[in-house]
Structure formats: structure tokens, C-alpha cells
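Engineer: Pasted the sequence and its predicted model underneath.
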Amino acid sequence: MKRISYLAAFILVFFLSANLANATGNRSAFTEYEINLVQDLHMGKQVKAVWQLSYSKNETPVTVVKRKTIDGTEYLVQSEYFAVCYSSTPTGFGAKAAKGAWCAVPKKINRAVINQQELARQEILTPAKVDDETALGLIASYLPDLINKGYTHLLN
């Protein structure tokens, strides 16, 4: 009888730890994503396209806004809790902090969510300009690494 209760306790602990690991936003959960173009938006001359990026069907998607600038193309990636920019310029494609005028997230919250060292590492992801499809794929692949470990649940 004692052996059965130990086995039951072991199984219970195993399932609880598996659920807790899933709730922490384990980075392996970000290998699958879905990107959908948002149709019929009239957001001005600078906004060229808007997509929604989802890592999970249960959570609010992240919005990606494409803007043309003098330097090239900017992809503003934002949610309720963070905003970051990916740029495609003649010098390459990479991440940088979002411009203050484009960012609706308070700076203090954004800095808490975004990993500043990773943002610096992602400054140049590729040395060439990229098209929208490649840019969105790179954003979806590298964005989870930009989010500090305590906040990865915001993506899934």
C-alpha cells in the first residue's frame, strides 16, 4: 500500500512540474507560429502593411506594422506590454529600440520586458536587405529571445 502511494505521489509531482514548466513560457514553445495579414486598414501613408503574429491560439497576438522610412523599412513589433523595431536597410536587417513616437508602451515597462543585451546582439541579424516574408520569419524566430525570461508568457 505504501508503494502505491509513493507511485501516486511521484506521478502527481511529475504532472504538476510539467504544467509549471509549460506556464513559464519555455522557449521551445516558440518554434511554431502563425502570421496573418490584417486586411483593410487605413493607417496613413507611412504604414504599408499590418500583420498579427501568434505563437498560441489562446493568447492575444503581437502586431507587426510595416513602415517606410528614409533609411528603408521598419517593422514595429508591439503588444500591450512591449514594443521593438526591426529595420531592413542597405546595411542589413536587425533589431533596435522602438521610436518614442511609435511606442504606446511606457518606457519603464518596455525596458523591463525587453532584454537589452539581446537587443544589442540582434542589431544585425543579416547583412542584406530582406523582403517581407523573410523579415516576418526572422522576427517570429528571434522575438522570443528578446523577451526577458520572466515575461515570455506574454507570447504564449
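Structural biologist: Good, I have the coordinates.
Engineer: contacts and neighbour counts: CA atoms only from here.
Structural biologist: Will do.
Engineer: Tell me the backbone dihedrals of the nearest residue to Ala97 once chain neighbours are set aside, please.
Structural biologist: Once flanking residues are discounted, Ala97 sits nearest to Val84: 5.2 Å by Cα to Cα, 6 or more residues apart in numbering. Per-residue torsions, Val84: phi -150, psi 160 (degrees, to the nearest 10).
Engineer: same thing with the one 3 residues further on?
Structural biologist: As for Ser87, its main-chain torsions (degrees, to the nearest 10) stand at phi -120, psi 140.
Engineer: what's across from it in the sheet?
Structural biologist: Glu74, Gly94 (DSSP bridges).
Engineer: burial count for it?
Structural biologist: Ser87 is flanked by 26 other residues according to other Cα atoms under 10 Å.
Engineer: check contacts around Leu136.
Structural biologist: By Cα atoms under 8 Å, 6 or more residues apart in numbering, the contact list for Leu136 reads Ile35.
Engineer: end to end, how far does stretch 49-66 reach?
Structural biologist: This stretch, stretch 49-66, spans 5 Å end to end (Cα to Cα, to the nearest Å).
Engineer: now stretch 64-74
Structural biologist: First-to-last residue span, stretch 64-74, Cα to Cα: 10 Å.
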